[in-house]
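Peer 1: Sequence and predicted structure below; questions after.
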Amino acid sequence: MINLAEALKQHEVTPAKVLYHQWTGEEWKTYTAGEIIDLAARWQQAFQERGFERGDRVALCMKNSVHWVAIDQACLGLGLVVVPLYVIDNPANIAWCIEHCEARLLVLETPRMLETLRNASTTLPPIVCLQAEPGDEVETPRTFLPAHARAFAVLPMAEDALASIVYTSGTTGRPKGVKLSHRNILSNAEAALKIVDLRETDLLLSVLPLSHMFERTCGYYAPLMHGAPVAFARGVQQIGEDLARLQPTILMAVPRVFERFLVRIEQAIKDKPAKRALFERAVAIGWRVFKGEADFIDRALHAVLRRLVARPILEKLGGRLRITVVGGAALEQRVAKHFLGLGLTMLQGYGLSEASPVVAANHPDDNDPASVGYPLEGFEVKVSDQHELLVRGPSVMLGYWRNPEATAAVLSPDGWLNTGDQVDIRNKRIYIKGRTKDILVLSNGEKVPTDEIEQALLEDRVFEQAVVVGEGRAYLILLAVTQETEEKKLTKLANERLKGFPRYIRIRRVIATKDPWTLEDGLLTPTLKVKRTKVLERFEAEIRRVYDESGLTE
């Protein structure tokens with residue numbers, strides 16, 4: 001099982017070893033292995049004194065912190081079940097998940113969250129609030145935890161004992177609670193460590209929330225198993241400052257983080273023709289070097305441009321990044337080309353919560369950014385008759401919490417998980433083509449892979465966000481967030497991106513908006529995926545008007 005004591009024992013990490021860096025609001029503070037073990041032991045004793053039993057659920061709705069780690073470790077050691085929730089999710093969704101899993105305790109970040117949850121639910125469990133003040137009528141760590149505790153405990157339990165219920169963010173409908181066992185998570189972390197060789201001298205910057213299974217397995221459990229320290233980033237807006245200050249060697253993030261980095265770089269040089277030309281030349285030559293297609297002149301210029309262009313840019317990312325891992329969504333090839341061309345090792349992977357989560361990844365010495373790499377050790381993969389990726393292995397979930405119908409829909413009796421992603425497998429590499437559920441059918445019966453199309457469109461920086469529309473219609477229209485206002489131009493740019501698709505996949509009209517789709521307005525999931533159904537609802541009137549104007553509604 002994954003627990004702090006065993007991980008540190010295996011790697012002979014001393015109690016004085018610094019494992020975490022956390023911002024206090026005024027300064028960065030370090031926490032040693034011994035301090036984390038002591039804090040986890042105090043949480044354990046608090047649970048035991050209150051009669052918590054194996055299988056009881058503890059919900060965590062809090063930011064990444066040493067308390068998150070300590071509570072998680074305390075629960076895993078006692079056989080309690082951790083239910084991580086997104087701090088940035090809407091209160092009604094959080095309340096539903098708490099009720100659905102029948103949490104025995106809820107640990108919150110701030111009293112402000114408590115107020116919104118109480119408005120959304122009348123059946124909340126007992127609550128501990130990390131930042132509560134006297135008068136908030138909830139317990140705090142000061143009142144909940146004993147001042148001192150017995151030694152950290154790891155009770156014997158079956159490897160398939162339930163360790164966590166992870167609610168999928170879901171772009172439609174209610175979330176589903178993915179049941180993950182100790183074996184599921186541990187086997188995935190061990191397999192991931194065979195792709196990226198972590199070192200005790202590494203420093204990982206934790207950017208994604210620990211409620212995201214990618215961050216939890218790869219940014220928490222995997223480094224813990226190697227005694228590699230982790231720094232908790234302050235937030236999305238401060239990532240650049242945190243990179244410069246902490247100088248991490250490993251960064252794992254969703255593609256959106258790197259898209260923002262690239263936008264900032266391009267904005268800084270857009271009015272400087274000479275610098276822009278030099279930057280583009282450095283990227284183009286660096287990309288040919290990466291692809292093994294450089295000639296003698298390329299190699300000579302590469303050394304110069306790396307010093308003049310690439311190094312100053314990478315210095316702004318801390319200057320020590322040796323590996324970046326991208327997952328959680330498709331990586332735009334334009335983004336990959338730029339950073340790989342600058343000499344940053346960027347590995348795209350693929351996974352889903354139901355697989356704990358990593359299924360495949362590229363290798364540092366065998367990297368094709370157009371693919372999501374090779375299956376991790378322990379995974380069997382095959383393609384269904386509908387071209388969907390099926391996976392089987394020790395990391396595949398036990399099923400969905402109290403939802404046998406949903407479980408049966410994706411998990412076969414012999415253990416094959418249907419990911420719902422359409423793929424090609426070539427030379428053992430996996431290439432994601434799109435989601436089965438994101439296939440729309442035009443009125444003439446032609447099938448349109450919306451995810452694949454939208455990714456192609458987003459490679460043009462004019463389009464910031466995109467959703468293709470046309471189910472049951474005669475032609476496609478595009479909903480797009482863009483600062484460009486001329487529809488004819490947008491339509492032309494969109495169709496230039498779609499030249500490689502069949503001729504029936506062309507955009508006839510564009511509905512443009514300058515306001516981005518956000519989590520706050522309900523159009524994104526907590527993992528920043530577009531909620532297609534919600535976007536279509538938001539623009540329902542505009543969509544109807546466009547189709548009505550043409551008279552081609554069928």
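Peer 2: Here it is on my side, so go on. Just so it is clear, the structure is predicted and the values come from calculations on it, not from any experiment.
Peer 1: secondary structure element for the residue lying closest to Glu454 once chain neighbours are set aside?
Peer 2: Counting by CB to CB, 6 or more residues apart in numbering, the nearest residue to Glu454 once its immediate chain neighbours are dropped is Ala466, at 4.7 Å. No exception for glycine: its C-beta is placed from N, CA and C like everyone else's. Using DSSP states H and E, the element containing Ala466 is strand 465-469.
Peer 1: partners of the first helix or strand past that strand going along the chain, with directions?
Peer 2: For strand 465-469, the following helix or strand on the C-terminal side (DSSP H and E) is strand 476-481. Note on strand 476-481: by DSSP bridges, its sheet partners are strand 465-469 (antiparallel), strand 507-513 (parallel).
Peer 1: any idea of the mean pLDDT in strand 476-481?
Peer 2: Averaging pLDDT along strand 476-481 gives 96.
Peer 1: to the chain's geometric centre, what's the distance from that strand?
Peer 2: Centroid displacement of strand 476-481 relative to its chain, using CA atoms, centre = their mean, to the nearest Å, is 25 Å.
Peer 1: orientation of the next helix or strand after it relative to strand 476-481 in degrees?
Peer 2: Sequence order places helix 487-497 as the next helix or strand after strand 476-481, per DSSP H and E. Using axes from the mean of the first three to the mean of the last three CA atoms, to 10 degrees, one finds that helix 487-497 and strand 476-481 are set 110 degrees apart in direction.
Peer 1: what does helix 487-497 contact?
Peer 2: 456-457, 459-460, 462-463, 478, 480, 482, 484, 506-510, 512 (CB atoms under 8 Å, 6 or more residues apart in numbering).
Peer 1: ok, back up a step: how many residues are close by the residue nearest to Glu454?
Peer 2: 25 (other CB atoms under 10 Å).
Peer 1: Also Gly51?
Peer 2: Gly51 has 8 neighbours, counted by other CB under 10 Å.
Peer 1: which of the strands paired with strand 476-481 sits most buried?
Peer 2: Of all these, strand 465-469 carries the top mean neighbour count, a mean of 23, counting by mean count of other CB atoms under 10 Å.
Peer 1: Longest strand in the protein, by number of residues?
Peer 2: Taking DSSP state E as the criterion, the chain has its longest strand at strand 417-426.
Peer 1: picking that back up, Asn362: which of the strands paired with strand 476-481 is closest?
Peer 2: Closest approach to Asn362 among the strands paired with strand 476-481 is made by strand 465-469 (25.4 Å; CB to CB).
Peer 1: For Glu554, give me the pLDDT.
Peer 2: Note on Glu554: pLDDT of 40.
Peer 1: Same check on Ala5?
Peer 2: pLDDT recorded at Ala5 is 69.
Peer 1: Can I get the helix or strand containing Val546 in PDB, CA atoms only?
Peer 2: Element membership of Val546 [criterion: DSSP H and E] is helix 540-550. Taking C-alpha atoms only, helix 540-550 is exported to PDB below (Å, rounded to 0.1, in the frame of the first residue of the first chain):
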ATOM      1  CA  GLU A 540     -28.900  27.800 -28.100                       C
ATOM      2  CA  ALA A 541     -30.700  30.900 -29.400                       C
ATOM      3  CA  GLU A 542     -27.700  31.900 -31.600                       C
ATOM      4  CA  ILE A 543     -27.400  28.400 -33.000                       C
ATOM      5  CA  ARG A 544     -31.100  28.200 -33.800                       C
ATOM      6  CA  ARG A 545     -30.900  31.600 -35.500                       C
ATOM      7  CA  VAL A 546     -28.000  30.700 -37.700                       C
ATOM      8  CA  TYR A 547     -29.600  27.400 -38.900                       C
ATOM      9  CA  ASP A 548     -33.000  29.100 -39.300                       C
ATOM     10  CA  GLU A 549     -31.500  31.800 -41.500                       C
ATOM     11  CA  SER A 550     -30.200  29.200 -44.000                       C
END
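Peer 1: Tell me what angle it forms with strand 507-513.
Peer 2: Per the same axes, to 10 degrees, the angle that helix 540-550 makes with strand 507-513 is 150 degrees.
Peer 1: So which bits of helix 540-550 are buried?
Peer 2: Residues of helix 540-550 classed as buried: 543, 546-547 (neighbour count, 16 or more other CB atoms under 10 Å).
Peer 1: quick one, phi/psi of the residue nearest the centre of the chain?
Peer 2: Nearest residue to the geometric centre of the chain (CA atoms, centre = their mean): Gly328, 4.0 Å. Dihedral pair for Gly328: phi 90, psi -20, per degrees, to the nearest 10.
Peer 1: Tell me who's in contact with it.
Peer 2: Residues counted as contacts of Gly328 (CB under 8 Å, 6+ apart) are 208, 212, 214, 254-255, 527-528.
Peer 1: That one: what's its closest spatial neighbour, skipping adjacent residues?
Peer 2: Val254 (4.1 Å).
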